[in-house]
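In: With the sequence up front, the predicted model follows.
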Amino acid sequence: MTDAILALNAGSSSIKFGLFEIGSGDPALLVRGEIEEKDGARRLVARSGAGQSLADQRWGSQRAEQDDLPGDLLGWIEAHLGQDRLVAAGHRIVHGGRAYFETCQLDERAIAALTALTPLAPLHQPRSLAPVRALARLRPDLPQFGCFDTAFHHGLAPPVSRFAIPRAFEVRGIRRYGFHGLSYEFIARLLAEIAPGDTGKRTVVAHLGNGASLCAMRDGKSLDTTMGFSALDGLVMGTRCGALDPGVLLYLQQVEGLSIAELDDLLYRQSGLLGVSGVSGDMRTLLASQDPHAAEAIDLFVFRLAREITAMANTLGGLDRLVFTGGIGEHAHQIRALAARRLEWLGLRFEDKANLDGKQRISRDDSRIEVLVLATDEELTIARHVCRAIG
Ligand SMILES: Nc1ncnc2c1ncn2[C@@H]1O[C@H](COP(=O)(O)OP(=O)(O)O)[C@@H](O)[C@H]1O
Ligand SMILES: CC(=O)OP(=O)(O)O
Ligand SMILES: [Mg+2]
């Protein structure tokens, strides 16, 4: 019987999980799976570590209560544990606020403190904490750990971390935190493994999933990122607006009479690709659509992506390497090509065939900027953290 760790990664359009065997080395994958939400329907897809399909099925009813999800998923995982013994669970927690940045055990006090951060990450915090509570009910003896998306950016300092509002607010924690940190941590380590001599390269990592952000990275450290106090800032996302003139919010409240709840819904759930296209927040659906508004949404996504990449390059004082990751970054070759075209003026030379063929390196040899596509693995990062925590 081997010891296993469960890693759960609750994203805004998916719940990804990994079961890892732990021993002396890096955690070894036993099962990987995902409940994915696309245009209102849920699907469970899971594979063994060796790549054998374990599930590919519709999951729950479209209108299933969010709270049924963790219990059902944990039931499925339990049934697939076989001879393995679950010894700990790790959870991606998107917001750690000021107090939580190191991997920590999720006792009642931590759960309460992290629940209080829900207004800062309304799409994520409830989705990551529901499985923590469900698991605590089912397996009260099982140690559970929180791994924070904000942790990788913990070292950000002014001016990068600062908003231009009175200092008193900063003292109260109103600053830029940054997210997708488990993904950036994974990519930083992978880059150090595949190109150990290149860690000093001025690198921008584009994590493009349903949520999307950039990280300006050098020597494996975050120097800037596009998300801020919340996961609303920066790039255009599936259903989130990204950077928005705050005057729009005042206007909508004062003149159009929108309530706080309506604004919350508008900015987090009705905007971004979905809001601009009127078709879908899912990039696959937009790429396949003939609707001109779908094309306009993609155009805005790419325009803002390229613009923010140059902002990150400004923080780095130049750009040597660009990495695409996340669901869109890894799979949407069209988006990579469109973004690269907007960056040609920086000396980026793109290799169309390598991009279409799914190669890791998609820039030409004469490109001033190396462009890579790397699959992220937030679940493995979580498992590594949990391994370290339990010794
Ligand atoms: N083959 C594909 N082509 C284009 N986009 C894809 C493809 N596969 C996934 N995506 C996009 O990736 C996004 C989801 O990314 P993911 O990182 O899984 O999301 P989450 O933010 O929930 O973790 C969706 O917009 C989806 O359309
Ligand atoms: C922080 C965030 O937006 O995460 P995701 O892309 O997984 O929704
Ligand atoms: Mg994600």
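Out: In hand now; what should we look at? Numbers count the residues shown, from 1 in each chain. Ligands and ions are numbered 1, 2, ... in the order given.

In: ranges for the helices of this structure?
Out: 68-79, 108-115, 125-138, 167-171, 181-194, 246-254, 260-269, 272-277, 283-288, 292-316, 326-331, 333-342, 352-356, 378-390 (DSSP state H).

In: Nearest to residue 209, out of those?
Out: Across these, the minimum distance to residue 209, taken as CB to CB, is reached by helix 326-331, at 3.7 Å. Heads up, the C-betas are built off the backbone N, CA and C, glycines and all.

In: what's the spacing between the closest one and its chain's center?
Out: 11 Å (CA atoms, centre = their mean, to the nearest Å).

In: With residue 16 as the reference, name the closest of the helices of the chain.
Out: helix 378-390 (6.0 Å).

In: re the thing from before, reformat the helices of the chain as TSV; add mean neighbour count.
Out: Shown next, in TSV, are these (neighbours: other CB atoms under 10 Å):
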stretch	mean neighbour count
helix 68-79	16
helix 108-115	14
helix 125-138	19
helix 167-171	10
helix 181-194	21
helix 246-254	12
helix 260-269	15
helix 272-277	22
helix 283-288	18
helix 292-316	18
helix 326-331	22
helix 333-342	19
helix 352-356	14
helix 378-390	23
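
In: Now render the ones you listed as a markdown table, adding mean pLDDT.
Out: Supplementary listing: the helices of the chain in a markdown table, determined by pLDDT from 0 to 100:
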| stretch | mean pLDDT |
| --- | --- |
| helix 68-79 | 80 |
| helix 108-115 | 97 |
| helix 125-138 | 93 |
| helix 167-171 | 97 |
| helix 181-194 | 98 |
| helix 246-254 | 98 |
| helix 260-269 | 97 |
| helix 272-277 | 98 |
| helix 283-288 | 98 |
| helix 292-316 | 98 |
| helix 326-331 | 98 |
| helix 333-342 | 98 |
| helix 352-356 | 98 |
| helix 378-390 | 97 |
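
In: Can you say which of those is nearest to ligand 2?
Out: If you check each of the helices of the chain against ligand 2 by CB to the nearest ligand atom, helix 326-331 wins as the nearest, at 6.9 Å.

In: For burial, what's the neighbour tally of residue 14?
Out: Neighbour count of residue 14, defined by other CB atoms under 10 Å: 20.

In: How about the one 3 residues further on?
Out: Number of residues near residue 17 (other CB under 10 Å) recorded here: 24.

In: Residue of this protein nearest ligand 3, please.
Out: Going by CB to the ion, ligand 3 is nearest to residue 11 of the chain, at 3.3 Å.

In: ok now do that residue, which residues does it touch?
Out: By CB atoms under 8 Å, 6 or more residues apart in numbering, the contact set of residue 11 is 124, 209, 210, 211.
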